[in-house]
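Student: Just a sequence and a predicted model for now, questions to come.
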Amino acid sequence: MGSYILCQVKRASMPYYIENISTNIYSIEELCYYFYHNIYLLDETILNEHLCDWIRKELGLERLYRRLYKILEEEEGTAEFILAVFKEINYLSHQEFKKLNENLNLLQQQPAVQREKKKGDYLVENKMYVNALRIYENALKKEDKEGLGEQFNGGIYHNMGCAYMYLFQFKEASECFLKAYRLLGTRQALKHYLTACCMADRESFSQVCREMEAPKELEEEIRNSLKEAGEQAPAPQGETGELLGKLIRDYHRSTGF
């Protein structure tokens, strides 16, 4: 998608509203852009009869409307629905289309609970933290983790903690990070738990560190990081966000979750 693509179809007077990231879509090009960059968010809450009706009424794409309705009726699957939309305006180059098809096939092969977690991760990236937490909670409730193990649950709890941190709900964040640490047992999981505890209650931070038998140098590292971020007093959101972003990037780099 390196080239600039002009709108080939009229813009809608009434947008299609995508609730999970609070986005209005006005054209088939915008819909394709959303699909391409958010494949883990594409499910029946978006790919449904309501979208088909909007494509017909607002964009006047009768042929595409019939094709998409047929896909839904015959349960041909998410991939067929998405690819049909892209084919309508040749939005992608041949290589991009091939790559997208491969990604969709890989997506379909992943366990449902793993796709659910990825959906939560995408929502966090789009700063839809409350929606992400709901998705993560649903993933944790699924009894069949299809062999993914306790580390997978640990990854979900960790990312829930991150979402709570961005919402400045530090107590809830610390509870999630503690669950993550008990499942993962890593130094970084411990660091994130202690960081959330310090943000929630600086006065009791040293006691929590003793209870967790945290190394003294880790306690000092956290204090210094928060001091640099302006966290010794109530900090502006930007400063806290920068610190949280660093913590999260370090975690994902080391664990792959």
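Tutor: The structure has been received and is ready for your questions.
Student: which one is Glu19 nearest to, not counting chain neighbours?
Tutor: Spatially, and ignoring its direct neighbours in sequence, Glu19 is nearest to Thr45 (7.1 Å; CB to CB, 6 or more residues apart in numbering). Using the backbone N, CA and C atoms, a C-beta is placed for each residue, glycine as well.
Student: number of nearby residues for that neighbour?
Tutor: Using other CB atoms under 10 Å, Thr45 has 12 other residues around it.
Student: Same check on Glu116?
Tutor: 21.
Student: The residue nearest to Glu19 contacts Tyr17, doesn't it?
Tutor: No: applying CB atoms under 8 Å, one finds Thr45 not in contact with Tyr17, separated by 11.3 Å.
Student: Helices of this protein, start to end?
Tutor: 28-37, 49-59, 62-73, 78-89, 94-109, 112-125, 129-141, 150-166, 170-184, 187-200, 205-211, 216-228, 237-255 (DSSP state H).
Student: Look up phi and psi at the residue nearest to Glu19.
Tutor: Torsion angles at Thr45 (phi, psi; degrees, to the nearest 10) stand at phi -70, psi -20.
Student: Tell me how far it lies from Tyr16.
Tutor: Thr45 is 12 Å from Tyr16, where distance means CB to CB, to the nearest Å.
Student: Next: Glu102.
Tutor: Separation of Glu102 from Tyr16 (CB to CB): 27 Å.
Student: Of those two, which one has the most company?
Tutor: A direct count of neighbours by other CB under 10 Å for Glu102 and Tyr16 places Tyr16 higher, at 21 against 10.
Student: Now for that one: which residues touch it?
Tutor: Going by CB atoms under 8 Å, 6 or more residues apart in numbering, Tyr16 touches 24-26, 31, 51, 54, 58.
Student: hmm, try it at 6 Å
Tutor: By CB atoms under 6 Å, 6 or more residues apart in numbering, the contact set of Tyr16 is 25, 54.
Student: Which strand residues bridge it?
Tutor: When bridges are called by DSSP bridges, Tyr16 pairs up with Ile25.
Student: Could I get the pLDDT score of it?
Tutor: pLDDT, Tyr16: 94.
Student: for Gln114, same thing?
Tutor: pLDDT at Gln114 comes out at 88.
Student: Quick check: chain neighbours aside, which residue is closest to it?
Tutor: Excluding its sequence neighbours, the residue lying closest to Gln114 (CB to CB, 6+ apart) is Leu148, at 6.6 Å.
Student: what do you get for Ser13?
Tutor: Going by CB to CB, 6+ apart, Ser13 has Glu58 as its nearest residue, at 6.6 Å.
Student: what about that neighbour, distance to Thr195?
Tutor: Taken as CB to CB, the span from Glu58 to Thr195 is 47 Å.
Student: got a pLDDT number for the residue lying closest to Asn153 once chain neighbours are set aside?
Tutor: Spatially, and ignoring its direct neighbours in sequence, Asn153 is nearest to Leu183 (5.7 Å; CB to CB, 6+ apart). Looking at Leu183, its pLDDT is 94.
Student: Report the contact partners of Leu183.
Tutor: 150, 153-154.
Student: Lowest-confidence one in those?
Tutor: Lowest pLDDT among those: Glu150, 85.
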